[in-house]
Every structure is written in C-alpha cells, then in structure tokens.
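Student: Just to be clear, the model below is a prediction. Sequence and coordinates:
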Amino acid sequence: MAQPQMSPAEQAKLQMMQDLEIEMMSDLYNRMTTACHKKCIPPKYGDAELGKGEMVCIDRCVAKYLDIHERIGKKLTAMSAADEDLKKKMSGG
C-alpha cells in the first residue's frame, strides 16, 4: 500500500521538526557531557584513562541526567496537552 504524498508545506514542517529534534538532542548531549565531566573528572588529569570511581560517577551522572530529561519531557507534554484541552473548552470546541 502506497503512502500518501505530503505537500511541500508538510514536508517543510516535518524537516523543521526533525532539525529541531537533532538540535535539541545535540544540546542535551553537550550539556550532559559538560555537567558530568565537571562533576566526575578532576581538572588535573593524573592518568590518560578514567579511573573506576570516575567511570562509576559518569555512568550514574548520565543515567540521572537522562532520567530527569525524560521526566521533564513527560511533564511538559502533559502540560501542553492540558493547555490544548483548555483552549478547546474555552473556544467552545
């Protein structure tokens, strides 16, 4: 079964959403990397390799960062849906 063709406006909107998603994920990665590096790795490197404590710290930091990011995303989605519902009720639709 063939997929329906998207209009140029729909394609442009989809491309914009995809670009925004990539930008947001890149920003998340950069912020997480900076925060976890600052928290877990001392400014003076004593060794070229990460120590066990540093690795555990980074693993935990990344896990917490991603967990919080997911929770905030769910909360914002719920708030956005509630806002849309309120708009529909107020407009009588």
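Tutor: Yep, it's here. Residues are numbered from 1 along each chain as shown.

Student: Using neighbour counts, pick out the buried residues of the top helix by length along the chain.
Tutor: Across the chain, the longest stretch assigned as helix under DSSP state H is helix 52-91. Neighbour counts over helix 52-91 (16 or more other CB atoms under 10 Å) mark C57, I58, C61, Y65 as buried. Any C-beta I mention is one placed from the backbone N, CA and C, and that applies to glycine too.

Student: By pLDDT, rank those and give me the bottom one.
Tutor: In terms of pLDDT, the weakest of the buried residues of helix 52-91 is Y65, which scores 93.

Student: What separation is there between it and L14?
Tutor: According to CB to CB, to the nearest Å, Y65 and L14 sit 28 Å apart.

Student: what does L28 give?
Tutor: 21 Å.

Student: which stretches of the chain have low pLDDT?
Tutor: 1-3, 93 (pLDDT under 70).

Student: So what does G51 have for phi and psi?
Tutor: For G51, the backbone dihedrals are phi -80, psi 170 (criterion: degrees, to the nearest 10).

Student: ah, wrong one, I meant Y45
Tutor: phi -80, psi 120.

Student: Give me the distance between it and M90.
Tutor: As judged by CB to CB, Y45 and M90 stand 58 Å apart.

Student: and what of M55?
Tutor: 52 Å.

Student: swap in N30?
Tutor: Applying CB to CB, the value for N30 to M90 is 39 Å.

Student: Then L76?
Tutor: To M90, L76 is 21 Å away according to CB to CB.

Student: Lovely, talk soon.
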